[in-house]
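A.B. asks: what's the 3D shape of this:
(chains A and B)
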There are 2 protein chains.
Amino acid sequence: MEKFSRNSRITCITKILIENPNKVINLYHFTEMFNSAKSTISEDLLVVRDTLSKFGMGRIETVPGAAGGIKFINGISEEEKLTFLDNLSTKLMENNRIIPGNFLYMLDIMYNPEIIHKAGLILASSFDKLNPDYILTVETKGIPLAYEVARLLGIQLIIVRRDSKVTEGPTVSINYVSGSTKRIQTMSLSKRALKKNSGCIFIDDFMKAGGTALGIIDLLKEFESEVLGIGVLVDSFEAPKKLVHNYVSLIQFNGVGEDGRGILKPTPELD
Amino acid sequence: MEKFSRNSRITCITKILIENPNKVINLYHFTEMFNSAKSTISEDLLVVRDTLSKFGMGRIETVPGAAGGIKFINGISEEEKLTFLDNLSTKLMENNRIIPGNFLYMLDIMYNPEIIHKAGLILASSFDKLNPDYILTVETKGIPLAYEVARLLGIQLIIVRRDSKVTEGPTVSINYVSGSTKRIQTMSLSKRALKKNSGCIFIDDFMKAGGTALGIIDLLKEFESEVLGIGVLVDSFEAPKKLVHNYVSLIQFNGVGEDGRGILKPTPELD
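C.D. replies: Here you go, the predicted model:
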């Protein structure tokens, strides 16, 4: 059977870990794959672990026990995070982004995988310690970001609909009041979408007053489950009063300036 | 300035390539990062390239010229693909997946990042030679898969809406006829979502007669753009006649068996 060099093994191991975040991988998987001794693989993993840690690219944890092994947890360095958020604010302040009604056009941002991947990394790193069971979002614009956070945490995504669909089986629907427009809206979720007693992180593209987030908290009560955390890409400071207080945002939107552009900046860190 | 071992450099290079698919990276990026000679980095890249190629994990291409460098293109081995599709068919044939109206419940599949990542890899590999400008989908269930394909190909995602929204600016809407229910439906897309003369791949979760795909082809004509390819996770053979013929599907759905379970199998390869 073929033998592989340490360099080759490290290439493969890095790729497999990155593509399986938060998943416990038994060392047996690698010893079989490379026809190598466990001690050899352990040495490979030390190199990968130390390198990822040195560059702030995530960490490798050891899970003890018979079903144990190692798992990779995504991370992003403080420097990369700050550069990314500065660039994103600048991009959101570009000309022509403010559309009638003083809305901020950000579809190109929300559907850009390179941006959403980095934003997802920051949000995933904010919530990984809470060990959520699910990432949850409301259709539509926040779905790519919510999927990215779910992927990076290695957990299931749930998408709450605005109306119920025949292909989703029995659903639970609730009405909620939008915090900014005061309109009554509906959201619905397939009954088999999540298990009882689950902990969820709610991810969305934009937060105004937080009415949607409150609705999600109510909806999850119907499933005997709870919201452990809330994360949004852009937090609007135009809303007079927030209905929720405990959430993570990456960028703050402070309305439209005299030059007709949006006023945005990275959300300051809470230390 | 600190020097790094080949093993460390290879860990980092692998991670950076995998997280930046299809993006041309100049070798200068790595020589700066590791304070290494170009010849050293070239040798590192040879190891990574040969290893990824040997394990069917994708390929590294060299892009010549002043703005050149290398780029990573995702791939999946034939063996991994077949195992994945067999397991997915089996999962879709589980008890209780057929819901009233003989629909197949597959939300848990469409929102499972581990499954969607692999399905996305297969679809991305089917379309990378066409050099699409955008990946396009219609809300809602296919969005995670379409995002994953866009991410793996390193291009922008576009989401077509069922109705137009105030936050999207001016939109173009068309009516189309659903191929299976014969109902008239509407789809709309923000005018600034894509550039003229673009080539798109349409990705969706499920294809019945293909009315939605035809609608997308019409919608793109309004943007002087075209559909280069169509990819779906599940292709239903219950529809009597397809309105589109040239598409890639991963799994075929042949209705409901006498035991009340769905009848599904991997789509045979066209050679």
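
A.B. asks: Could you find the residue nearest the spatial middle of chain A?
C.D. replies: A:Val149 (2.4 Å; C-alpha atoms, centre = their mean).

A.B. asks: Who are the contact partners of A:Leu214?
C.D. replies: Shown here is A:Leu214, whose contacts under the criterion C-beta atoms under 8 Å, 6 or more residues apart in numbering or on different chains are A:Tyr176, A:Gly179, A:Leu243, A:Val244. Quick note: C-beta positions are derived from backbone N, CA and C, even for glycine.

A.B. asks: Just name the closest of the residues you listed to A:Ser8, please.
C.D. replies: Within the set of the contacts of A:Leu214, A:Val244 lies nearest A:Ser8; the separation is 49.3 Å, counting by C-beta to C-beta.

A.B. asks: Secondary structure of that closest one: a helix, I assume?
C.D. replies: No: with DSSP: H, G, I helix; E, B strand; the rest coil as the criterion, A:Val244 is located in coil rather than a helix.

A.B. asks: isn't it right up against A:Gly231?
C.D. replies: No: the pair formed by A:Val244 and A:Gly231 falls short of the contact definition of C-beta atoms under 8 Å, at 11.7 Å.

A.B. asks: Those two: who's more crowded?
C.D. replies: Regarding A:Val244 and A:Gly231, a neighbour count based on other C-beta atoms under 10 Å in any protein chain shown identifies A:Gly231 as having more, with 26 against 18.

A.B. asks: So what sits opposite the more buried one in the bridge?
C.D. replies: Partner residues in beta bridges with A:Gly231: A:Ile203, A:Val248, with DSSP bridges as the criterion.

A.B. asks: if I look at it, how far off is chain B?
C.D. replies: Distance from A:Gly231 to chain B, counting by C-beta to the nearest C-beta, to the nearest Å: 17 Å.

A.B. asks: and what of A:Arg162?
C.D. replies: With the distance defined as C-beta to the nearest C-beta, A:Arg162 ends up 9 Å from chain B.

A.B. asks: buried ones in the host helix or strand of A:Asp50?
C.D. replies: Assigning secondary structure by DSSP states H and E places A:Asp50 in helix A:38-54. When neighbours are counted by 16 or more other C-beta atoms under 10 Å in any protein chain shown, the buried residues of helix A:38-54 are found to be A:Thr40, A:Ile41, A:Asp44, A:Leu45, A:Val47, A:Val48, A:Arg49, A:Thr51, A:Leu52.

A.B. asks: quick one: average pLDDT of that helix?
C.D. replies: Rounded to a whole number, the mean pLDDT of helix A:38-54 is 96.

A.B. asks: any idea which helix or strand comes after that helix?
C.D. replies: Heading C-terminal from helix A:38-54, the first helix or strand you meet, by DSSP H and E, is strand A:58-63.

A.B. asks: still on that earlier bit, and the angle from the helix holding A:Asp50 to strand A:58-63?
C.D. replies: Using axes from the mean of the first three to the mean of the last three C-alpha atoms, to 10 degrees, the inter-axis angle of helix A:38-54 relative to strand A:58-63 is 140 degrees.

A.B. asks: one step back: any chance of the buried residues of helix A:38-54 in CSV, with distance to chain B too?
C.D. replies: Converted to CSV, the buried residues of helix A:38-54 look like this (distance: C-beta to the nearest C-beta, whole Å):
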residue, distance to chain B
A:Thr40, 13
A:Ile41, 13
A:Asp44, 8
A:Leu45, 10
A:Val47, 5
A:Val48, 5
A:Arg49, 9
A:Thr51, 4
A:Leu52, 7
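
A.B. asks: Those: which two are farthest apart?
C.D. replies: A:Thr40 and A:Leu52, at 19.1 Å, using C-beta to C-beta across the buried residues of helix A:38-54.

A.B. asks: still on that earlier bit, which strands and helices sit next to the helix holding A:Asp50?
C.D. replies: helix A:6-19, helix A:27-34, strand A:58-63, helix B:6-19 (3 or more C-beta pairs under 8 Å, 6 or more residues apart in numbering or on different chains; DSSP states H and E).

A.B. asks: Out of these, which gets nearest to A:Thr167?
C.D. replies: Evaluated over those, closeness to A:Thr167 peaks at helix A:6-19, with 29.2 Å, by C-beta to C-beta.

A.B. asks: Tell me what angle that closest one forms with strand B:58-63.
C.D. replies: Our comparison of helix A:6-19 with strand B:58-63, counting by the same axes, to 10 degrees, yields an angle of 110 degrees.

A.B. asks: how far is helix A:6-19 from where the chain is centred?
C.D. replies: With C-alpha atoms, centre = their mean, to the nearest Å as the basis, helix A:6-19 stands 24 Å off its chain's centre.

A.B. asks: three-state assignment of A:Leu123?
C.D. replies: Each residue gets one of three states, and A:Leu123 gets helix by three-state DSSP.

A.B. asks: Contacts only, for the closest residue to A:Ala193 other than its chain neighbours.
C.D. replies: In space, not counting the residues next to it along the chain, A:Ala193 is nearest to A:Ile158; the distance is 5.1 Å by C-beta to C-beta, 6 or more residues apart in numbering or on different chains. When contacts are counted by C-beta under 8 Å, 6+ apart, A:Ile158 touches A:Tyr134, A:Ile135, A:Leu136, A:Thr137, A:Leu189, A:Ala193, A:Leu194, A:Cys200, B:Tyr111.
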